[in-house]
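# with the sequence up front, the predicted model follows.
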Amino acid sequence: MAGKRKLEHFAEMKTFANVFEPKLEEVFRADYKMKGKWKSEFFKNDHPLILELGCGKGEYSVGMAQKFPERNYIGVDIKGARMWRGAKTALEENIANVAFLRTRIEFIEGCFAKDEVDEIWITFPDPQPKDRQEKKRLTGPLFIKRYLQFLKEDGTIHLKTDNNFFYNYSLEEVKRHGYEILEATDDLYGEKIEDFDETTREILSIKTHYEKLFTAKGHKIHYLKFKPHGKAPKD
Ligand SMILES: C[S@@+](CC[C@H](N)C(=O)[O-])C[C@H]1O[C@@H](n2cnc3c(N)ncnc32)[C@H](O)[C@@H]1O
């Protein structure tokens, strides 16, 4: 039954105007048709563009889009069954400033043009803890290099995770490359949340599916915000 529903959701998603599912050959060493055109052709405005990488069901992208109609959001994930949920909610609730892009983040630089993106959120990424998995970590040097191809000079990257290993790894990487750290806390709700300004508090108050699961288990939520300043990682 679950398999049948999944297939129905996949078929339905093909009809969603807010979902983009490029074929491999459209993004692998290629420029996707929407590259540089998200604002002019989809959002039809010139508002800032914010990406959520590994968006899962898209709670963060949809939640932020609702709170901030003057900003555009794109949730990116490879898993269509999860993405269907966020895309469906956005359509049902007429939230026009959010879209979804189904692709591997390995091909993200084929999807966005230089300076097209103002901010990146990485919400509860898979930690990929084994040494041989480093190249899959979304805050690793290979990925930061990709993001730098389209993130604005002054753009910020935000990470929310419950995973100690991943938080410490990301913090060390940020320090190693001399990126500017704007926030770094290993217990966001325990000690720091009150220090943030109201807008940031509003943003951080949105809980993703995984954040709810981890919080229910008593895990602390870690948060890192940094500016890579256009510096490319050395390796
Ligand atoms: C642990 S889940 C978190 C989902 C959501 N951000 C949340 O907090 O509920 C990680 C998500 O990242 C996606 N993901 C991981 N690596 C990816 C990659 N290289 N390309 C695309 N999606 C990826 C997975 O498909 C999964 O939906």
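Okay, I see it.

# quick one: average pLDDT of stretch 45-57?
Averaged across stretch 45-57, pLDDT comes to 98.

# kindly check the end-to-end length of it for me.
25 Å (C-alpha to C-alpha, to the nearest Å).

# hang on, residue 112 in a strand?
No - assessed with DSSP: H, G, I helix; E, B strand; the rest coil, residue 112 is coil; it does not lie in a strand.

# residues touching it, list them.
Going by C-beta atoms under 8 Å, 6 or more residues apart in numbering, residue 112 touches 35-36, 38, 51, 149-150. Every C-beta, even on glycine, is put in place using the N, C-alpha and C of the backbone.

# residue 59 and residue 120, how far apart?
17 Å (C-beta to C-beta, to the nearest Å).

# need the contact list for the residue nearest to the spatial centre of the chain.
For the chain, the residue nearest the mean C-alpha position is residue 52 (1.8 Å; C-alpha atoms, centre = their mean). Residue 52 makes contact with 58, 60-61, 64, 73-76, 120-123, according to C-beta under 8 Å, 6+ apart.

# could you redo the last one with a cut-off of 7 Å?
Residue 52 makes contacts with 60-61, 73, 75-76, 121, 123, as judged by C-beta atoms under 7 Å, 6 or more residues apart in numbering.

# so residue 64 sits against residue 205, correct?
No - using C-beta atoms under 7 Å, residue 64 makes no contact with residue 205, being 10.6 Å away.

# looking at these two, which one has more neighbours?
Remark: of residue 64 and residue 205, residue 64 carries more neighbours, 21 against 11, as counted by other C-beta atoms under 10 Å.

# which stretch of helix or strand covers the more buried one?
Using DSSP states H and E, residue 64 sits in helix 59-67.

# what of residue 182?
strand 180-185.

# and that strand, what's buried?
183-185 (16 or more other C-beta atoms under 10 Å).

# following it, which helix or strand comes up?
With DSSP H and E, the next secondary element past strand 180-185 is helix 198-204.

# buried stuff in stretch 42-58?
Buried residues in stretch 42-58 (16+ other C-beta under 10 Å): 42-43, 47-58.

# endpoint to endpoint, that stretch covers what distance?
Start and end residues of stretch 42-58 are separated by 18 Å (C-alpha to C-alpha).

# can you pull the residues of this protein lying near the ligand?
By C-beta under 6 Å from any ligand atom, the residues of the chain that approach the ligand are 54-56, 77-79, 82, 104-106, 123-126, 208-211.
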